[in-house]
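In: Provide a 3D model corresponding to the input given below.
(2 chains)
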Amino acid sequence: MTTPFYVSPQQAMADRAEYARKGIARGRSVVVLQYADGVLFVAENPSRALHKVSEIYDRIAFAAVGKYNEFENLRIGGVRYADLRGYTYDRTDVTARGLANVYAQTLGTIFSSAGEKPYEVELIVAEVGETPEDDQIYRLPHDGSIVHEHGSVAIGGNADQIGSHMSRRHEDAMTLGAALRLAVESLTRDGNGGERQLTADQLEVAVLDRTRPQRRKFQRIVGRPLARLLEGGTTAAAEEEDEAADAAGAGGPGDTGSGTGEAPGTSGED
Amino acid sequence: MAANSHDQGRLPAAFLTPGSSSFLDFLSDHAPERLPSGRGLPPVKGPVEAPHGTTIVAATYSGGPDGSGGVVVAGDRRATMGNLIAQRDIEKVFPADDYSAVGIAGTAGLAVELVKLFQLELEHFEKVEGAVLSLEGKANRLSAMIRGNLGMAMQGLAVIPLLAGWDTDQEKGRIFSYDVTGGRSEEYGFAAVGSGSLFARGALKKLHREDLTGQQAVTAVIQALYDAADEDSATGGPDVSRRIYPIVTVITEDGFRKLSEAEVAQSARAVLDGRLELPNGPQAPVL
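Out: Got it, this is the predicted structure:
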């Protein structure tokens, strides 16, 4: 029989955190930022079927980086949590704060339980309010802590550099087009200070749009509307037009990214 | 126990277990007592007195501009309890998701809960899978839910829905009707359920043509509801003095739309004006 080596609790936790951080840093980043009409999610993600950004509930969306199977599991858990809560009480009783708390408890318990491998994920839970002041963005690192973020936030590989670049340039009440272009410009920074090019089909873009008439405020932006926003309407009027076209282009259950026939990469779906 | 503690700590294991994309399946595993079918009804003597919803009608059309079509679902606003009017302004037609609507007749309390669960079932699948259920799939899920209510139905608390939606594959409006055991059958052209359905169906039989425009289809279903209210005491007609008009919804390739009160009022008033001339409504040729 062998005697296990003594490992101090500090060392054990540091090792686990190191393990999780390394896993997360390998992935590409996701940025979340507020704009005038809601919250914008931009992920670098060449896949049209495996999403990093998803709808949880009427006003709540979820973004994640790290290991797909782990955050997908948490996403489905979150959808079940939100739907059960809304069914038991009322739809207005489902809040991002409640969901973030549950995620934090779950991640925290897994992180500190010796029997389980820590999740290599970092999450963002965001809720769009009636006014920009009511918007909420929570960042949930792998260890179960919660950070309430304002303005803009980045997670994933190279998050520090992307986040600081973005937060220096982010302004309140940006238009959707301006916010999207800032997000993409930030995502193109790589670790060595160089820049890469990102095209529309390497991006996963979604918004929680408070001006959307439907109860469910989550909407993916794909295809032509996305390309137009990326090109950048130079005048405010052109931008208005773009946004109107988005709303028309992806109405209905196109929310889920399935009903939008315009997406250039849809042939690869499923 | 697990169900009650779910919002206090971490997500229970059931939430993180990979598996079904169905909210109903999840609920019956995790918190079966919250399902309508999870509650037994104590034995009661005689019928249970509870508000009942009455007449729902639906009709497809395909004569819109450049051949566009859709399906119209409408319901009256009355709920009755025995010989009493329990509610004058109940709503019995609901969007099930962006491309379908469900109208309900039968025990109002159970029916509203059933619709809530059905809406959630569709939304849950859509969010988890990232894809929308086919219209057939939706119809089958509703069938299973009605079957779950069979115990209640045997005690007089039946719920009978009518499902109508836009089939995005076949690109046309379709209607499904149900019986109390959950049997579903597709209806072609038009359908009606509820106490006044016999009269409504008779009226639609004479009024409905597949080449109606959307506006004409709306008028036709309002005529049918008027005829149902004319013959059936449990169905309410347009109430001009209280400004209570039928709920009318239209589903086209652009999705679900509930007509505003002003739009319905205009059509309903046109029908009422016509009835001042011809109390029995428009007349079809004999041959």
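In: and the nearest residue to residue A:173 once chain neighbours are set aside, what is it in contact with?
Out: Using CB to CB, 6 or more residues apart in numbering or on different chains and skipping residues adjacent in sequence, the residue nearest residue A:173 is residue A:36, 4.5 Å away. For every residue, glycine as well, the C-beta is placed using N, CA and C. Neighbouring residues of residue A:36 by CB atoms under 8 Å, 6 or more residues apart in numbering or on different chains: A:132, A:173, A:174, A:175, A:176.
In: secondary structure class for the residue most central in space within chain B?
Out: Centrality entry for chain B: nearest residue to the mean C-alpha point is residue B:103, 0.9 Å, by CA atoms, centre = their mean. At residue B:103 the chain is in strand, as set by DSSP: H, G, I helix; E, B strand; the rest coil.
In: Now do the contacts for it.
Out: With CB under 8 Å, 6+ apart, residue B:103 has these contacts: B:56, B:58, B:73, B:74, B:75, B:92, B:93, B:94, B:161, B:162, B:164, B:193.
In: For the residues you listed, could you give me a markdown table that also reports neighbour count and pLDDT?
Out: Output for the contacts of residue B:103, formatted as a markdown table (neighbours: other CB atoms under 10 Å in any protein chain shown; pLDDT from 0 to 100):
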| residue | neighbour count | pLDDT |
| --- | --- | --- |
| B:56 | 33 | 97 |
| B:58 | 33 | 97 |
| B:73 | 31 | 97 |
| B:74 | 31 | 97 |
| B:75 | 32 | 96 |
| B:92 | 29 | 94 |
| B:93 | 23 | 96 |
| B:94 | 23 | 96 |
| B:161 | 26 | 95 |
| B:162 | 27 | 97 |
| B:164 | 32 | 97 |
| B:193 | 26 | 96 |
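In: so which of those residues comes closest to residue A:101?
Out: residue B:94 (31.9 Å; CB to CB).
In: circling back: for the residue nearest to the centre of chain B, which non-adjacent residue is closest in space?
Out: Take residue B:103 and drop its neighbours on the chain: the residue closest to it by CB to CB, 6+ apart is residue B:56, 3.4 Å away.
In: Just to check, the one you found is in contact with residue B:162?
Out: Yes - look at residue B:56 against residue B:162 with CB atoms under 8 Å: they come within range, at 4.9 Å.
In: Between these two, which contacts overlap?
Out: Here residue B:56 and residue B:162 share the contacting residues B:73, B:103, B:104, B:105, B:192, B:193, scored by CB under 8 Å, 6+ apart.
In: The helix or strand hosting residue B:165 near chain A anywhere?
Out: Using DSSP states H and E, residue B:165 falls within strand B:159-167. No - if you take CB under 8 Å from any CB of the partner chain as the test, strand B:159-167 misses chain A, and the best it gets is 9.6 Å.
In: okay, now residue A:129: neighbour count?
Out: For residue A:129, the count of nearby residues is 15 (other CB atoms under 10 Å in any protein chain shown).
In: Revised request: answer the last question for residue A:53.
Out: Using other CB under 10 Å, the number of residues around residue A:53 comes to 25.
In: Which strand residues bridge it?
Out: Note on residue A:53: beta-bridge partners residue A:63, judged by DSSP bridges.
In: isn't it right up against residue A:63?
Out: Yes - Residue A:53 is in contact with residue A:63 according to CB under 8 Å; the separation is 4.7 Å.
In: Would you confirm that residue B:203 belongs to a helix?
Out: Yes - assessed by three-state DSSP, residue B:203 belongs to a helix.
In: Could you pull up the contacting residues of it?
Out: Counting by CB under 8 Å, 6+ apart, residue B:203 touches B:223, B:224, B:226, B:227, B:228, B:281.
In: let's see 6 Å
Out: Residue B:203 makes contact with B:223, B:224, B:227, according to CB atoms under 6 Å, 6 or more residues apart in numbering or on different chains.
In: Save those residues as a markdown table, and put in neighbour count too.
Out: A markdown table is the format used below for those (neighbours: other CB atoms under 10 Å in any protein chain shown):
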| residue | neighbour count |
| --- | --- |
| B:223 | 25 |
| B:224 | 31 |
| B:227 | 26 |
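In: will you turn those into a markdown table that also has secondary structure and pLDDT?
Out: Below are the contacts of residue B:203 laid out as a markdown table (DSSP: H, G, I helix; E, B strand; the rest coil; pLDDT from 0 to 100):
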| residue | secondary structure | pLDDT |
| --- | --- | --- |
| B:223 | helix | 96 |
| B:224 | helix | 97 |
| B:227 | helix | 96 |
